[in-house]
Every structure is written in C-alpha cells, then in structure tokens.
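S.K.: With the input below, show me the fold.
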Amino acid sequence: MAARVWTVQNQKGGTTKTTTATNIAACLATVHKKNVLLVDLDGTQGSATDWASARSDDAPPVPCVIMRENIKRDLPRISAGYDYVIIDGVPQISTLTSDTVKIADLVIIPVQPSQYDIWATRDMVQLVKDRQEVTDGLPRAALMVARAIRNTIIERTATEALHGYELPVLSAKTYQSVSYLNGIAEGRSVFDLPASDGARDDIEAVTLELLEMDK
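M.R.: Predicted structure coming up:
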C-alpha cells in the first residue's frame, strides 16, 4: 500500500511550516506508531533535515530526505515501506510547489492570525483550488490557524476570515508556546514533553483531525 502524502505549504515565510511538519511527523510516529518519512524541500535552510538528524536513537525514528527536483518521479520509490510522508514545503509558489500539490493526498496550509498572513495565503489557496478543479476535488486541503493567542478576538476573526477562502478550516489550532522551541537542537518534539503540556495536546488534536480528513 502506498504511503499517504501530506504536505505543509504556504508561500509566506515564518508561518510555522517546519514546526508543524516536524511535530505532526513526530505525533504519527510516537502516538500512532506509524512509519513516517519527512521530506525537506528547502535545501538551502534544511531545518527539517537538521531536526531529524539530531533525534536521539531512543526516539521513534523520523528519517528525513532533502528533495528538490523530480519529486513526482522519485517520491514513490523513496517512500516505499512508509505509512506517511510529511513534506515540509518551500516558502514560495514555484514549479516544485505545484508538483508537490499534485502528488499530495492532503495539503495543510498553516496561517498565523494576522490580516497580512491571511492575504498572503491567497495564491496558495488558489493553487490548490486550481488543482482540485481538474482532479475531482483532490487533493484534500485544510487551512490551519497557527501560533494563535488563545481566546482572543484576533483568533476568532482570523478563523472567520479564513472561511472566506472556501476551503476547510481545521477546528484544531496551534497556539503560541515556548514548548515548540525547547529541544529543537536535539531533535525533540512536543511529544518529548510531559503529557500535560498544552502544545502536545494541540498537535495531537491537529493530527487527529487530519487523519479523519484523509480517510
């Protein structure tokens, strides 16, 4: 059975793409006991690759490969034997971005709750919609409010604004927390934190909602 391919995409930088991708990958590997391959499309920064390389031998493995060209051709071969592929996308609209959307089963678009970020998401949303129009609604896609401040007017109005793009908006969100920063250099995720940590709950809720969408 072929791996399910989820890609975390937004053309704007600083939208938590890598944080989201690595923590979802860790959730699938740690909580759901899946074989997960992380794909890093940003060969310049390589942040996802550095994170995966730093993981402890005692942690559930999340291997990572850097891919740039020929992802449509090469990914099926590289991903053989994995349950999920999580792609950390590039912060731009490019041929690579388009090719990644074409091979994905699910596109996750993290958006910070500011009007500038919501506006900047427009092109990514349109790229997904254009693909869905010629492929009977595939890939599935969802917008995700990221790095929100809990129970604020900004959080609520951002969610309402994203619904205007006429793509599903995840009920689950991620919130501002230093938990996402702790342990990155050692390849840790929020699942290395105590079970009571709120960031851990948030990523698990996001992942569960995505799993339900991808049935």
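
S.K.: you'd agree residue 174 is up against residue 148?
M.R.: Yes: the pair residue 174 and residue 148 passes the contact test of CB atoms under 8 Å, sitting 7.1 Å apart. (Each C-beta comes from the backbone N, C-alpha and C, glycine too.)

S.K.: which of these two has more neighbours?
M.R.: Legend: neighbour count by other CB atoms under 10 Å for residue 174 and residue 148, higher for residue 174 (25 against 21).

S.K.: Off-centre distance for the longest helix seen in the chain?
M.R.: For the chain, the helix reaching the highest residue count under DSSP state H is reported as helix 198-213. Once both centres are worked out by CA atoms, centre = their mean, to the nearest Å, helix 198-213 turns out to sit 11 Å from its chain's centre.

S.K.: what's that helix in contact with?
M.R.: Counting by CB atoms under 8 Å, 6 or more residues apart in numbering, helix 198-213 makes contact with 6, 20, 23-24, 26-28, 31-32, 106, 108, 140, 142, 144, 168, 170-175, 177, 179-180, 189-191, 193-194, all of which sit outside it.

S.K.: buried stuff in that helix?
M.R.: 199-200, 202-207, 209-211, 213 (16 or more other CB atoms under 10 Å).

S.K.: what do you get for stretch 96-107?
M.R.: By neighbour count, and taking 16+ other CB under 10 Å as the criterion, the buried residues in stretch 96-107 are 96-97, 99-101, 103-107.

S.K.: Can you tell me which of the contacts of helix 198-213 are buried?
M.R.: Those of the contacts of helix 198-213 that meet the buried threshold are 6, 20, 23-24, 26-28, 106, 108, 140, 142, 144, 170, 172-175, 177, 179-180, 189-191, 193, by 16+ other CB under 10 Å.

S.K.: What score does the residue of the chain most remote from its centre have for pLDDT?
M.R.: Distance to the chain centre peaks in the chain at residue 153, reaching 25.0 Å (criterion: CA atoms, centre = their mean). Per-residue pLDDT puts residue 153 at 92.
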